[in-house]
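Undergrad: sequence? don't have it. structure:
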């Protein structure tokens, strides 16, 4: 099995991705790479690895006691059937730090998180998945400082009331579309939905309100209070970043930007400066931000360096607690865009894999969040899966399904659409996405609330449309 981590400050679980061969008759051999046909979400505090498999992990209990005005945390493993898991120990460590640094009480809640009671503003939830992963990669003073910052971030400063107060604090924050979508729909009254704009497919630029220990995101209510438009706020944020020094570490055809802390990837939103860096490097330069803390640049005229950097970026993206994008973006003064390698370039298969993997993971995370929201609202909507495939030793491709028996569905964009009739499986056929939009677009309405984009359908194509679609049918790739 392959583990692909989920992103950013959302509650993070692990996606278990089955890799197997297809035995469906007539489709040939392929590997199925994504969780999109069966997504298994496993809370790390409930499931523990055992001999290559998984089994329910120990509960492990903590007892918090007070003495002489101080509070101590005691682990009591005898209340469980085994010693505390690493996650339990980590949660107890953070609870102690919350008490020590903030003087507040915290308690463990579901989904590897803490509930921190604040005297003003009500309780706040501290999700531990990402900080646990990050702390596991550090030790000594670096680990202690990372935990201290994470705890301090739970007490954000007051939001600026005026444009004069806000403008100097703004910086661009590049985040995945699924992260922004989840943030906009989390329903917390004290956290306004962030505003932003698309940067490249599946990636957005938001407006961060930066402070010493935490990052908040500007919302529509903030714009009203400041008396400015979202464009003006984002423009000011980009200017603020451009005024800061851009530390470029270069080694031949490769360069790396790792600052400012928390905003290295934000230089993607300042293309003019990146274009200057690219000009100094020469050739055709692409930028890759596998997570928000790193921005890589490589001259694609150097084939060996291009392959090496794209492979490293894919590995880092799949392992990062706070994923961004493994896609290489062509750098230009006017902005960035997904790089389209010239024919025969040895990095072309890696660029194709990166683009498909980003889309697959973004749609999987969006689907999970959408199903939660729809279930909470009592809506019966079929959120179609986006499935990533690879023919044996061949290219990657994706597909989704338009099911005849579904009367309210949301389709993701994919390379292929399988038209499926549950009552007549032999009548299934597959049509490329562009042909589906051209011939059956009148039955599809793009949902303005969905990012990544989805199209709502409520009807099955009529006889004439179905005949036209069949005329464009292609074999299911195999």
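TA: Happy to help now that I have it. Since we're looking at a predicted model, the values are computed, not measured.

Undergrad: what pLDDT, on average, does the helix or strand hosting residue 235 get?
TA: With elements taken from DSSP states H and E, the one containing residue 235 is helix 230-242. For helix 230-242, mean pLDDT rounds to 96.

Undergrad: any idea of the mean pLDDT for the helix or strand just after that helix?
TA: With elements assigned by DSSP H and E, the helix or strand that comes after helix 230-242 is strand 248-251. Averaged over strand 248-251, pLDDT sits at 93.

Undergrad: any idea how far the helix or strand just after strand 248-251 is from the chain center?
TA: As assigned by DSSP H and E, the chain's next helix or strand after strand 248-251 is strand 254-257. Here the centre of strand 254-257 is set off from its chain's centre by 23 Å, with C-alpha atoms, centre = their mean, to the nearest Å.

Undergrad: who does strand 254-257 touch, helix- and strand-wise?
TA: On a contact count with 3 or more C-beta pairs under 8 Å, 6 or more residues apart in numbering; DSSP states H and E, strand 254-257 meets strand 248-251, strand 294-299. Bear in mind the C-beta positions are built from the backbone N, C-alpha and C, glycine included.

Undergrad: before we move on, back to that, buried stuff in the helix holding residue 235?
TA: By 16 or more other C-beta atoms under 10 Å, the buried positions in helix 230-242 come out as 233, 234, 236, 237, 238, 240, 241.

Undergrad: can you list contacts of it?
TA: 166-168, 170-172, 195-197, 205, 207-208, 218, 223, 226, 260, 263, 266-267, 269-270, 272-273 (C-beta atoms under 8 Å, 6 or more residues apart in numbering).

Undergrad: run the last query once more with 7 Å
TA: 167, 170-172, 195, 197, 205, 207, 218, 223, 263, 266, 269-270, 273 (C-beta atoms under 7 Å, 6 or more residues apart in numbering).

Undergrad: ok so, going back, between the buried residues of helix 230-242, which is closest to residue 365?
TA: Of all the buried residues of helix 230-242, residue 365 sits closest to residue 234, with 24.0 Å by C-beta to C-beta.

Undergrad: residue contacts, residue 244?
TA: Contacts of residue 244 (C-beta under 7 Å, 6+ apart): residue 260.

Undergrad: buried sites along the longest helix along the chain?
TA: For the chain, the longest helix by residue count, based on DSSP state H, is helix 348-376. Residues of helix 348-376 classed as buried: 348, 350-351, 353-370, 373-374 (neighbour count, 16+ other C-beta under 10 Å).

Undergrad: show me what that helix is packed against.
TA: Applying 3 or more C-beta pairs under 7 Å, 6 or more residues apart in numbering; DSSP states H and E, one finds that helix 348-376 contacts helix 177-184, helix 303-319, strand 323-332, strand 382-383, strand 396-403.

Undergrad: 8 Å instead, please
TA: helix 177-184, helix 303-319, strand 323-332, strand 382-383, strand 387-391, strand 396-403, strand 409-412.

Undergrad: each with direction, which strands does the fourth one pair with?
TA: Taking DSSP bridges as the criterion, strand 382-383 pairs within the sheet with strand 409-412 (parallel).

Undergrad: give me the distance from the partner strand to the chain's centre.
TA: 19 Å.

Undergrad: coming back round to it: return the member of the buried residues of helix 230-242 nearest to residue 446.
TA: For the buried residues of helix 230-242, the nearest to residue 446 is residue 234 (23.5 Å; C-beta to C-beta).

Undergrad: from residue 164, how far off is the closest one?
TA: With distances taken as C-beta to C-beta, to the nearest Å, residue 234 is found 18 Å from residue 164.

Undergrad: so which residues of the stretch 101-250 of the chain form helices?
TA: 129-135, 140-152, 163-166, 177-184, 220-226, 230-242 (DSSP state H, counting those that start in this stretch).

Undergrad: got JSON lines for those, with distance to residue 398 too?
TA: Below are these laid out as JSON lines (distance: least, C-beta to C-beta, whole Å):
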{"stretch": "helix 129-135", "distance to residue 398": "27"}
{"stretch": "helix 140-152", "distance to residue 398": "36"}
{"stretch": "helix 163-166", "distance to residue 398": "41"}
{"stretch": "helix 177-184", "distance to residue 398": "16"}
{"stretch": "helix 220-226", "distance to residue 398": "33"}
{"stretch": "helix 230-242", "distance to residue 398": "31"}
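
Undergrad: please identify the deepest-packed of those.
TA: Among the helices of the stretch 101-250 of the chain, ranked by average contacts under mean count of other C-beta atoms under 10 Å, first place goes to helix 177-184 (a mean of 23).

Undergrad: for residue 118, find the nearest of the helices of the stretch 101-250 of the chain.
TA: helix 140-152 (12.6 Å).

Undergrad: circling back: and the helices and strands packed on helix 348-376, which is most packed in?
TA: Most buried among the helices and strands packed on helix 348-376, counting by mean count of other C-beta under 10 Å: strand 323-332, with a mean of 25.

Undergrad: flag the shaky bits of the stretch 301-450 of the chain, pLDDT-wise.
TA: Filtered on pLDDT under 70, the stretch 301-450 of the chain yields no residues whatsoever.

Undergrad: hang on, residue 222 packs against residue 166?
TA: Yes. If you go by C-beta atoms under 8 Å, residue 222 and residue 166 touch, sitting 7.1 Å apart.

Undergrad: anything in contact with each of those two?
TA: Joint contacts of residue 222 and residue 166 (C-beta under 8 Å, 6+ apart) are 160, 209.

Undergrad: want to throw the buried residues of helix 230-242 into CSV with distance to residue 336?
TA: Compiled in CSV, the buried residues of helix 230-242 are given as follows (distance: C-beta to C-beta, whole Å):
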residue, distance to residue 336
233, 21
234, 15
236, 20
237, 17
238, 13
240, 19
241, 15
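
Undergrad: wait, which of those residues is closest to residue 421?
TA: residue 234 (46.5 Å).

Undergrad: follow-up on the earlier one: just how off-centre is the helix holding residue 235 within its chain?
TA: On C-alpha atoms, centre = their mean, the centre of helix 230-242 falls 23 Å from the chain's centre.

Undergrad: gap between the nearest residue to residue 272 once chain neighbours are set aside and residue 271?
TA: Of all residues not flanking residue 272 in the chain, residue 333 sits nearest, at 5.8 Å (C-beta to C-beta, 6 or more residues apart in numbering). Distance of residue 333 to residue 271, computed by C-beta to C-beta: 6 Å.

Undergrad: who's more crowded, those two?
TA: residue 271 (21 against 12; other C-beta atoms under 10 Å).

Undergrad: list the residues that contact that one.
TA: 331, 332, 333, 334, 335, 336.

Undergrad: then residue 158?
TA: Contacts of residue 158 by C-beta under 8 Å, 6+ apart: none found.

Undergrad: would you quantify the distance from it to residue 165?
TA: For residue 158, the distance to residue 165 - C-beta to C-beta - is 10 Å.

Undergrad: and this structure, what are its domains?
TA: Following automatic domain parsing, one finds the domains of the chain at 2-56, 61-152, 163-242, 248-344, 361-471.

Undergrad: how close does residue 422 get to residue 402?
TA: 12 Å.

Undergrad: please apply the same query to residue 183.
TA: 30 Å.
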